[in-house]
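In: pasting a predicted model and its sequence here:
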Amino acid sequence: MRTLLILLRKEFILFRKNKFLPKIAFIFPCMVILVIPLVATMDVRHVGVAVVDFDQSTLSRDIVADMNASPFFSVSPFSSYESALTAVENGSVDVILELPRDFQANLESGNARPPHISANGVNGTKGSLGSGYVIESVAGSISGFLGMDVADKTTVTYFYNPTLEYRNYMIPALMIMLLIMICGFLPALNLVGEKESGTIEQMNVSPVSTPVFVLSKVVPYWIIGLVDISLAMLIALLVYGLAPAGSLFAIYLAAMLFVLVMSGIGIIIANFSDKMSQSMFLMLFVVLICVLMSGLLTPINSMPEWARYVTYALPPRYFIDIMRSVYLKATPMSALALQYLVLLGFAVVINALAALTYRKQK
């Protein structure tokens, strides 16, 4: 234990004197949580709608007026479908709403032809959601015109994220990405940096055991990871008003296990790397796989069947389940026992491999 404490003191001194690592460890999380939720959003706003009104009736004017009153639409009138289509091709319009001639008269007689809606499919999310917004707006205008109070008969309740803000879904994911980046890259760069500078040779000829040496590399970033996630949660609360719905202990316990996993992966990569460029490329590959295939940004159920099986071998998958369930849904730890056990298993196996793959010179 005394040897471990001495090595830990050495690691923190080197970390403090490094001009690069402290900035990355503490400024990077602040910038990510402050900026990324504002720009990386799937919320669809300001949908450009081209209205081709061949009816020119009271109802058609009400439809246009209702869309103009909504903050989600930017309505532009067009005299023909061809000119509206040109605007779609130019990217200035996302959805075309075509109201046929005698639309109001046919609606009152019960023989109305429904409006035709065309959407730009290049941006699939904006096209599908934008056209859905237009359909809902038109249906509401028609119901109001006919005196059908549909809005009062149909109610929708949104659980866990009542405002449907995408950033409430994104912020827990960003916290996970921070731990992947900070606690994966920094241990690898730290260890490979010692190889390049030659200071690792002193450790190789010392009587320090390999497990103690690996712990001295893991523990500092375990502490840094917990500080970073605390800082991220504080910023999310103060700036966005998003607080964990569940237990803080459940979040910190999962974070402790996950940081051990990512730090162990970073040390394993450093053990097989001789230069920083090698470790960075290898770690970048691991990070891309973890981010793209673990359900962090895209739902696992939307992946091909073979990819869904691969995700079971990715530690972030289980931390994501815990983080979103506890942070947004207040899920108790007992319901997430399997995820905690799997993370614990990953932490033990990966850090054991980190110790076994490190070879001290004789």
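Out: Structure's in. What do you need? Numbering: from 1, shown residues only.
In: my guess is Gln339 contacts Pro315. True?
Out: No: if you go by CB atoms under 8 Å, Gln339 and Pro315 don't touch, sitting 10.2 Å apart. For the C-beta atoms, the positions are set from N, CA and C on the backbone; glycine is no exception.
In: same drill for those two, tell me which one is more crowded.
Out: Neighbours per residue (other CB atoms under 10 Å) separate Gln339 from Pro315, with Pro315 holding more: 23 against 20.
In: could you give the number of residues near Leu282?
Out: The burial count for Leu282: 18, using other CB under 10 Å.
In: measure it to Asn68 for me?
Out: 54 Å (CB to CB, to the nearest Å).
In: and the strands in the stretch 101-250 of the chain, which stretches?
Out: 116-119 (DSSP state E, counting those that start in this stretch).
In: can you show me the helices along it?
Out: 103-109, 124-146, 150-153, 166-197, 200-204, 210-240, 248-271 (DSSP state H, counting those that start in this stretch).
In: ramachandran angles for Pro77?
Out: Main-chain dihedrals, Pro77, degrees, to the nearest 10: phi -80, psi 140.
In: show me what contacts the nearest residue to it once chain neighbours are set aside?
Out: Take Pro77 and drop its neighbours on the chain: the residue closest to it by CB to CB, 6 or more residues apart in numbering is Val51, 5.4 Å away. Contact criterion CB atoms under 8 Å, 6 or more residues apart in numbering gives Ile63, Val64, Met67, Val75, Ser76, Pro77, Phe78, Leu97, Leu99 as the residues in contact with Val51.
In: sorry, back to before: could you identify which of the helices of the stretch 101-250 of the chain has the lowest mean pLDDT?
Out: Of all the helices of the stretch 101-250 of the chain, helix 150-153 carries the lowest average pLDDT, namely a mean of 47.
In: most neighbours of all the contacts of Val51, which one?
Out: Neighbour max across the contacts of Val51 (other CB under 10 Å) = Ile63, 29 neighbours.
In: of all the contacts of Val51, which comes closest to Ala254?
Out: Nearest to Ala254 among the contacts of Val51, counting by CB to CB, is Met67 at 44.6 Å.
In: any figure for the gap between the closest residue to the closest one other than its chain neighbours and Ser92?
Out: Closest residue in space to Met67, ignoring its immediate chain neighbours: Phe73 at 4.5 Å, by CB to CB, 6+ apart. Per CB to CB, Phe73 is found 14 Å from Ser92.
In: could you do Val64 as well?
Out: With distances taken as CB to CB, Val64 is found 18 Å from Ser92.
In: just Pro100 next, same as before
Out: Pro100 is 24 Å from Ser92, by CB to CB.
In: give me the more crowded residue out of those two.
Out: Pro100 (16 against 12).
In: got any residues that touch both of Phe73 and Ser92?
Out: Common neighbours of Phe73 and Ser92 (CB under 8 Å, 6+ apart) are Gly48.
In: returning to what we had before: any chance of the helices of the stretch 101-250 of the chain in CSV, with distance to Ser277 and mean neighbour count too?
Out: Below are these laid out as CSV (distance: least, CB to CB, whole Å; neighbours: other CB atoms under 10 Å):
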stretch, distance to Ser277, mean neighbour count
helix 103-109, 65, 16
helix 124-146, 36, 17
helix 150-153, 60, 9
helix 166-197, 9, 21
helix 200-204, 17, 13
helix 210-240, 20, 19
helix 248-271, 12, 23
